[in-house]
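> This is a predicted model, with the sequence first.
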Amino acid sequence: AAARTLSSAGTEVRVEGIVKNFSGGGPAALEGVSLVIAPGELLALLGPSGSGKTTLLRVIAGLEIPDAGRVFFGAQDTTDVPVQRRGVGFVFQHYALFRHLTVFENIAYGLRSRERRRRPPEAEIRRRVGHLLDLVQLPTLASRYPGQLSGGQRQRVALARALAVEPSVLLLDEPFGALDAQVRKDLRRWLREIHRETGQTTIFVTHDQDEALELADRIAILNRGRIEQVGAPHEVQDDPASRFVMSFVGETARLAAEVMGGRVVVDGRPTLRAEPGWPEGPVDLCLRPWHLSVRQDPAALYGTVREWRRTARGTVAEIQLDGADSAVEVTVTEVYRKGDRVALLASEARVFPRG
Ligand code: ATP
């Protein structure tokens with residue numbers, strides 16, 4: 001019977017061709033964004049600062065009216081539905097709990113402030129809030145005030161408050177942004193569990209790739225108001241659709257190269273074999289550190305050891321590949337010295353037209 005406290009079925013959210021321009025001229029915050037979020041899905045909006053993540057979340061919430069495009073919740077076009085009537089719950093980075101209300105009253109707030117017709121009876125409110133306090137693992141803190149809680153506890157209360165009204169869609173804007181690393185880690189695991197229990201369609205904004213990779217069913221990667229790719233964590237990491245995605249998600253070394261006669265030429269030397277479909281001519285060769293190994297081979301890439309260190313998992317060398325924009329950390333089996341020259345092979349590589 002306790003299961004009724006939380007809605008179990010999520011709602012599909014669909015945005016179509018969303019444009020939002022704050023300034024009138026210049027590039028828009030959203031330049032035509034389309035995205036379908038499946039019922040019950042946990043989707044991350046990931047991108048650098050200013051890429052449009054918060055704006056997209058606010059458009060879905062109804063806090064921002066798009067200049068063009070539509071928003072659907074299930075079959076309903078909600079583009080013009082006011083925020084209070086969309087059935088969304090929010091948590092923002094700077095959790096605005098009511099300071100003069102206890103934890104219990106904060107969580108109950110959304111239910112109590114409903115018009116009388118839709119307000120549950122007092123006993124039902126108590127039951128629901130009790131269940132939520134258990135869910136966010138704060139059953140003993142019901143009578144505390146926000147000022148008596150840690151940052152992580154406040155964040156959990158904010159989430160419980162958002163869940164209390166049984167939103168069909170839960171929207172989280174950098175929910176753990178202001179917290180220290182260990183607390184963030186604990187809260188991530190816990191959000192995953194809550195999501196499993198409630199099954200609400202959840203969209204969260206983050207600029208932290210680890211957070212997105214660890215938590216999300218799928219990740220939508222935004223860049224300058226456009227979606228560059230939407231996919232499961234392994235898809236965006238192993239099969240990036242653009243150079244931007246490749247360099248934004250997961251470490252990458254990028255080298256200026258040229259595809260010529262079936263080979264990738266670096267520094268005038270033919271190295272890797274080009275894969276079918278790779279464009280001839282100048283390219284950026286992009287490599288993942290975990291695909292690199294130190295190996296003597298005529299087709300190798302070359303680099304210089306900058307540092308090396310022993311770790312619990314073996315020895316790691318920081319290697320600056322000749323012509324690369326950044327150094328990469330590669331697991332090695334031999335001992336090197338700073339300045340040693342090494343040859344490396346890449347088991348996988350990507351090329352993108354030079355840009
Ligand atoms: P961050 O990670 O820094 O929060 P973001 O990806 O969430 O960034 P948005 O906050 O959506 O990015 O901003 C996208 C663009 O729209 C930015 O150029 C921003 O300056 C602009 N913008 C956002 N809100 C407004 C506003 N209310 N008025 C004017 N410009 C705005």
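Structure's in. What do you need?
> what's the residue closest to the geometric middle of this protein?
Residue closest to the average C-alpha location in the chain (Cα atoms, centre = their mean): residue 212, at 3.2 Å.
> pretty sure that one is in a helix, no?
Yes: for residue 212, which was evaluated using DSSP: H, G, I helix; E, B strand; the rest coil, the result is membership in a helix.
> I'd like to know how far it sits from residue 218.
Here the distance between residue 212 and residue 218 works out to 10 Å (Cβ to Cβ, to the nearest Å). Every C-beta, even on glycine, is put in place using the N, C-alpha and C of the backbone.
> which residues are in contact with both of these two?
When Cβ atoms under 8 Å, 6 or more residues apart in numbering defines a contact, the residues bordering residue 212 and residue 218 alike are 44, 233.
> just checking, the residue nearest to the centre of the chain touches residue 47?
No: no contact is recorded between residue 212 and residue 47 when judged using Cβ atoms under 8 Å, the distance being 9.7 Å.
> ok so, going back, with adjacent residues omitted, what lies nearest to the residue nearest to the centre of the chain?
Counting by Cβ to Cβ, 6 or more residues apart in numbering, residue 44 is the residue found nearest to residue 212 once chain neighbours are left out, at 3.8 Å.
> which residues sit against the helix or strand containing that neighbour?
Under the criterion DSSP states H and E, the helix or strand holding residue 44 is strand 42-46. Contact with strand 42-46 is made by 37, 53, 56-57, 192, 195, 202-207, 209, 211-212, 215-222, 248-249, as judged by Cβ under 8 Å, 6+ apart.
> try it again with 6 Å
Outside of strand 42-46, the residues that reach it under the criterion Cβ atoms under 6 Å, 6 or more residues apart in numbering are 37, 53, 195, 202-206, 212, 216-221.
> Would you list the phi and psi of residue 142?
phi -60, psi -30 (degrees, to the nearest 10).
> which residue sits closest to residue 167 in space, ignoring its chain neighbours?
The shortest distance from residue 167 to any residue that is not its chain neighbour, by Cβ to Cβ, 6+ apart, is 3.4 Å, and that residue is residue 89.
> Assign the one you found to helix, strand or coil.
strand.
> Who is it paired with across the strands?
Using DSSP bridges, the bridge partners assigned to residue 89 are residue 170.
> how far away is it from residue 83?
Using Cβ to Cβ, which is the criterion applied here, residue 89 is 11 Å from residue 83.
> Distance from the chain centre to stretch 325-340, please.
How far stretch 325-340 lies from its chain's middle: 30 Å, per Cα atoms, centre = their mean, to the nearest Å.
> Repeat that for stretch 29-41.
The chain centroid and the centroid of stretch 29-41 are separated by 13 Å under Cα atoms, centre = their mean.
> Quick check: the residue of the chain positioned farthest from its centre vs the ligand, distance?
In the chain, the residue that sits farthest from the middle, by Cα atoms, centre = their mean, is residue 298; the gap is 40.1 Å. Remark: distance between residue 298 and the ligand (Cβ to the nearest ligand atom, to the nearest Å) = 46 Å.
> Residue 328 too?
Distance of residue 328 to the ligand, computed by Cβ to the nearest ligand atom: 26 Å.
> again, but for residue 251
Using Cβ to the nearest ligand atom, which is the criterion applied here, residue 251 is 21 Å from the ligand.
> Just list the residues touching that residue, thanks.
With contacts defined as Cβ under 6 Å, 6+ apart, the neighbours of residue 251 are residue 289.
> And what about it, helix, strand or coil?
Classified using three-state DSSP, residue 251 is coil.
> Look up phi and psi at it.
When quoted as degrees, to the nearest 10, the phi and psi of residue 251 stand at phi -70, psi 150.
> Give me the angle between the longest helix seen in the chain and strand 42-46.
When the chain is scanned for its longest helix (criterion: DSSP state H), the result is helix 181-198. For helix 181-198 and strand 42-46, the angle between their directions (axes from the mean of the first three to the mean of the last three Cα atoms, to 10 degrees) works out to 140 degrees.
> The residue of the stretch 151-300 of the chain at minimum distance from the ligand: neighbour count?
Here the residue of the stretch 151-300 of the chain nearest the ligand is residue 207; by Cβ to the nearest ligand atom that distance is 4.9 Å. One way to gauge burial is a neighbour count; for residue 207, by other Cβ atoms under 10 Å, it gives 18.
> Equivalent analysis for residue 192, please.
Number of residues near residue 192 (other Cβ under 10 Å) recorded here: 13.
> ok, and the closest non-adjacent residue to it?
On the basis of Cβ to Cβ, 6+ apart, the spatially nearest residue to residue 192 that is not a chain neighbour turns out to be residue 215, at 6.0 Å.
> Within range of the ligand, give me the residues from the stretch 101-250 of the chain.
Residues of the stretch 101-250 of the chain found near the ligand, taking Cβ under 6 Å from any ligand atom as the criterion, are residue 207.
> Which residues are in contact with residue 322?
Contact criterion Cβ under 6 Å, 6+ apart gives 267, 302-303 as the residues in contact with residue 322.
> just the residues you listed: which has the poorest pLDDT?
When the contacts of residue 322 are compared on pLDDT, residue 267 comes out least confident, at 87.
> What number of residues are in the vicinity of that residue?
A count of nearby residues for residue 267, using other Cβ under 10 Å, gives 12.
> Check residue 140 too.
Counted with other Cβ under 10 Å, the burial measure for residue 140 works out to 9 neighbours.
> what does the one 4 residues further on give?
Neighbour count of residue 144, defined by other Cβ under 10 Å: 15.
> To which secondary structure element type does it belong?
Strictly by three-state DSSP, residue 144 counts as coil.
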